[in-house]
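*Asks:* Sharing a model prediction with you, sequence too.
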Amino acid sequence: MTTTDQHAAAPDAEGRAEPDALGVGARLSLHPMTSDFAPLILDALRAARRPGVEVVTDDVSTFLRGDEQDVVAFAQAAIASAAASGAHVVAHLHLSRGCPGEVSCAVDDSILLRPVVLEPLPRSGQTASAHWALYPLDDGGPDRPGDHMAGILAAIEHARGLGVVSGTEHFVTRLDGDLADVLTAVAQGWLLVGREVRHVVSHATISLNLPSTPARATSGSAAAAR
């Protein structure tokens, strides 16, 4: 599915622009570890449906288009519904906001970089573990170099304040806690960086209902000696 220039609309009277004009959306993949996975996935997507969110599912993942709050709420509802089955569920959530690669966006930076406040997500009572990566696609400008690490570090510190950061792994930050708190950290970090960087992508691999907790990998010579 491709969104084109027809969506590069002007902001409304309150200074907002539609999600498709801002390139706001997500890709969600659910992987229940059960032989009866297809109906479980479809039931979870149906349970999460809400007005204002466009949903397009293909054989790889589900595309979501809506405002930031609704997209994240949909993702939480779908993941929580799948995990309520008791099966081990892994979800891949890819959030994107900004124009490059999605639309030829004519919305002014003052609209695209507006602060977006995510309302608290309802706690699910489901414990989730996640590997989280954030990509501020900061190309810099005529008067400054791009500094993508500044946004990443600020988002990680924000997540620490939420109490869900449990360490760093290769290329990712590990998050553990209630599903709502994990998704809040992922989404708020994405939106926090989006106040300074036009195009921001965030990706999280989220695991729930793991039957047993294996020993975490050990790097370096100790791991090589095993």
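*Replies:* Structure received. Numbering: from 1, shown residues only.

*Asks:* ok, residues contacting the helix or strand containing Arg160?
*Replies:* Assigned by DSSP states H and E, Arg160 belongs to helix 148-161. The contact list for helix 148-161 (Cβ atoms under 8 Å, 6 or more residues apart in numbering) reads 132, 134-138, 165, 173, 175, 185, 188-190, 192-193, 196-197, 200. No exception for glycine: its C-beta is placed from N, CA and C like everyone else's.

*Asks:* and the residue nearest to Asp43 when sequence neighbours are not counted, what is it in contact with?
*Replies:* Among residues not flanking Asp43 along the chain, Ser81 sits closest, at 6.8 Å (Cβ to Cβ, 6 or more residues apart in numbering). Neighbouring residues of Ser81 by Cβ under 8 Å, 6+ apart: 43-44, 47-48.

*Asks:* closest to Ser29 among those?
*Replies:* Nearest to Ser29 among the contacts of Ser81: Ala44, at 11.5 Å, using Cβ to Cβ.

*Asks:* Would you confirm that the closest one contacts Ser29?
*Replies:* No - here Ala44 does not reach Ser29: they are 11.5 Å apart, not a contact under Cβ atoms under 8 Å.

*Asks:* who's more crowded, the two?
*Replies:* Ala44 (24 against 15; other Cβ atoms under 10 Å).

*Asks:* what mean pLDDT does stretch 66-78 have?
*Replies:* Averaged across stretch 66-78, the pLDDT comes to 97.

*Asks:* With stretch 183-201 instead?
*Replies:* When pLDDT is averaged over stretch 183-201, the result is 94.

*Asks:* Strands along the chain, start to end?
*Replies:* With strands called from DSSP state E, the chain shows them at 25-32, 54-57, 62-65, 89-97, 127-136, 165-169, 172-178, 200-208.

*Asks:* Out of the ones you listed, which is closest to Gly146?
*Replies:* With Cβ to Cβ as the measure, strand 127-136 is the member of the strands of the chain nearest Gly146 (8.6 Å).

*Asks:* which residues touch the closest one?
*Replies:* Applying Cβ under 8 Å, 6+ apart, the contact partners of strand 127-136 are 79, 148, 151-152, 155, 159, 169, 171-179, 182-183, 185-186, 189-190, 193, 196-197, 199-208, 210.

*Asks:* Selecting buried members of the residues you listed in ChimeraX, what would you type?
*Replies:* In ChimeraX syntax, the buried subset of the contacts of strand 127-136 is picked out as below (16 or more other Cβ atoms under 10 Å):
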select :79,148,151,152,155,159,172,173,175,176,177,178,179,182,183,185,186,189,190,193,197,199,200,201,202,203,204,205,206,207,208
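
*Asks:* OK, contacts around Val182?
*Replies:* Val182 makes contact with 128-130, 164, 175-176, 204, 206 under the criterion Cβ under 8 Å, 6+ apart.
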